[in-house]
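>>> Test case, fold it:
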Amino acid sequence: MSDAFFTPVSGFDLPRFAGVPTFMRLPLVDFDHERFGDVDIGLIGAPWDGGTTNRPGPRHGPRQLRDMSTMIRAQNGATGVRPFEAANCADLGDVGPNPADVLDSLERMQAFYGRVKRAGVRPLTGGGDHLCSLPILRALAQDGPVGMVHFDSHTDLFHSYFDGTMFTHGTPFRRAVEEGLLDPTRVVQIGIRGTAYDNEDRDFAESVGIRVIAIEEFHARGVEDVMAEARDIVGQGDTYVSYDIDFVDPAFAPGTGTPEVGGPNSYQAIQVVRELKGVNIIGADLVEVSPPFDPAGATAYLGASIMFELLCVMV
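The predicted structure follows:
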């Protein structure tokens, strides 16, 4: 039986344009809240883009994602899943970054997610740029490397930027492999495309056993076939899901810092998540929503919808 405290506010009880926006109109439960120990899945904002190398703005993503997520209702129209009855879900608030210090922000985020993990809460994060995934993995993979399903236009496997800058939104998963947070043989990257500096990232992926599925292969094979392979790669072990909104074609998601044409449409964007059913997901993120490039919020609404689909497979 579901817990009424963790039931989102209904649009039948309070109009969606009213009230303080939390993720999907869930209760706001911080670490000191008396019900924190009852949370199963925590929705968290990571308002930080200190790893961005060109077009900043994802630090504002969580706020817009929360606002647009007030459109989310209680039941998945396609699968029938009612996630807020299947698990106790709450908005745990935002990680407090240090906008003037990348390394300090990474430490702050790792400490925050460390508390979440110790409490037995599985995190679902709205970012933030893609460097946010690194401290989350540092917290969640303390007991050993995990697998990952990664939706993106880019591999984020580069060694460094500007002759030795190691922590950017283009390097998080290179660091995660090097630090033993990810088992590269259980990592699949889907949707990779666009122009490139060189082959360094692809060469690294091949050298450690990461499966890269380029967009041409994705379109040729179709969602179901590609996702069946993805499920086989990660198996039944602990798996993290990282979803960069630029996986989606910019015709449907223009509000992101590094758009790449030729991607999936908005239906395929949610279809790939539904195909994760049965994967042992220990945490997930939706990153790189950048409101300055889409002030009206269409990208954020798609991002919030993807977060809802992630929540449905997590429960």
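>>> can you map out the helices along the stretch 101-250 of the chain?
With DSSP state H, counting those that start in this stretch as the criterion, the stretch 101-250 of the chain has helices at 102-118, 133-140, 172-178, 200-208, 215-221, 223-234.
>>> Any chance of these in CSV with distance to Ile245, mean neighbour count and mean pLDDT as columns?
The way it works is simple: take the backbone N, C-alpha and C, and place the C-beta from them, glycine included. Converted to CSV, these look like this (distance: least, C-beta to C-beta, whole Å; neighbours: other C-beta atoms under 10 Å; pLDDT from 0 to 100):
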stretch, distance to Ile245, mean neighbour count, mean pLDDT
helix 102-118, 19, 18, 98
helix 133-140, 13, 25, 98
helix 172-178, 16, 24, 98
helix 200-208, 20, 16, 98
helix 215-221, 15, 16, 98
helix 223-234, 17, 17, 98
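>>> In TSV: those helices, plus distance to Leu14.
Supplementary listing: the helices of the stretch 101-250 of the chain in TSV, determined by distance: least, C-beta to C-beta, whole Å:
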stretch	distance to Leu14
helix 102-118	28
helix 133-140	32
helix 172-178	38
helix 200-208	47
helix 215-221	41
helix 223-234	36
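>>> Among those helices, which comes closest to Glu260?
Closest of the helices of the stretch 101-250 of the chain to Glu260 is helix 215-221, at 8.3 Å (criterion: C-beta to C-beta).
>>> gap between the closest one and the chain center?
Using C-alpha atoms, centre = their mean, to the nearest Å, the mean C-alpha position of helix 215-221 is found 22 Å from that of the whole chain.
>>> Check stretch 128-139 too.
Using C-alpha atoms, centre = their mean, the offset of stretch 128-139 from its chain centre is 9 Å.
>>> Need the distance between the two termini of it.
From the first residue to the last, stretch 128-139 extends over 17 Å; the measure is C-alpha to C-alpha, to the nearest Å.
>>> cool, stretch 250-258 as well?
Span of stretch 250-258 from end to end, C-alpha to C-alpha: 9 Å.
>>> One more: stretch 90-107?
Stretch 90-107: ends 24 Å apart by C-alpha to C-alpha.
>>> give me the low-pLDDT residue ranges for the stretch 51-200 of the chain?
For the stretch 51-200 of the chain, no stretch has pLDDT under 70.
>>> that older thread, out of the helices of the stretch 101-250 of the chain, the one nearest Gly80 is which?
Of all the helices of the stretch 101-250 of the chain, it is helix 223-234 that lies closest to Gly80, at 19.1 Å by C-beta to C-beta.
>>> Which residues does stretch 88-96 contact?
Residues from elsewhere that reach stretch 88-96 (C-beta atoms under 8 Å, 6 or more residues apart in numbering): 3, 6, 22-24, 26-31, 35, 38-48, 62, 66, 83, 108-109, 112-113, 116, 121, 123, 311.
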